[in-house]
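J.: No letters, just coordinates:
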């Protein structure tokens, strides 16, 4: 499904099509979560998450995914009752930090061996 057609959460509000916006953390938000399997979330540091409800083992859980610098990062979010604005913002922060750590050059110690040439 193209991102334009997916439900989006921006600035604490769910927007999808011509429907009235739903405030995240409201009872309408949790009711809506029971009817979908994915949505997009725009959060911290312009990190865009694709949030998906996936089966792992015998249960379903929410996971967040984001591609930064050609690397796909993911974060476990848990059950629907844990999908609050704060938890989604924290997921953005976690993914941002992981991507930032990945960008840091490794501390490499260079040792030069001087050999005699004839």
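T.: Ah, there it is. Here the structure is a predicted model, which is why all the values come from computation and not from measurement.

J.: What pLDDT does the model give the closest residue to residue 6 other than its chain neighbours?
T.: Nearest residue to residue 6, sequence neighbours excluded (CB to CB, 6 or more residues apart in numbering): residue 40, at 5.1 Å. The way it works is simple: take the backbone N, C-alpha and C, and place the C-beta from them, glycine included. Residue 40 is assigned a predicted lDDT (pLDDT) of 96.

J.: For the chain, which segments count as helices?
T.: Secondary structure of the chain by DSSP state H: the helices cover 27-33, 85-103.

J.: mean pLDDT for those: which is lowest?
T.: Lowest mean pLDDT within the helices of the chain: helix 85-103, a mean of 91.

J.: Report the buried residues of that helix.
T.: 85, 87-92, 94-96, 98-99 (16 or more other CB atoms under 10 Å).

J.: for it, the distance to its chain's centre please.
T.: Relative to the chain's own centre, helix 85-103 is displaced by 7 Å; criterion: CA atoms, centre = their mean, to the nearest Å.

J.: Under the pLDDT cut-off, which ranges of the chain? List them.
T.: In the predicted model of the chain, residues 1-4, 104-118 satisfy pLDDT under 70.

J.: end to end, how far does stretch 24-40 reach?
T.: 13 Å (CA to CA, to the nearest Å).

J.: In that stretch, which residues are buried?
T.: Result for stretch 24-40 [16+ other CB under 10 Å]: buried residues 24, 29, 32-33, 39.
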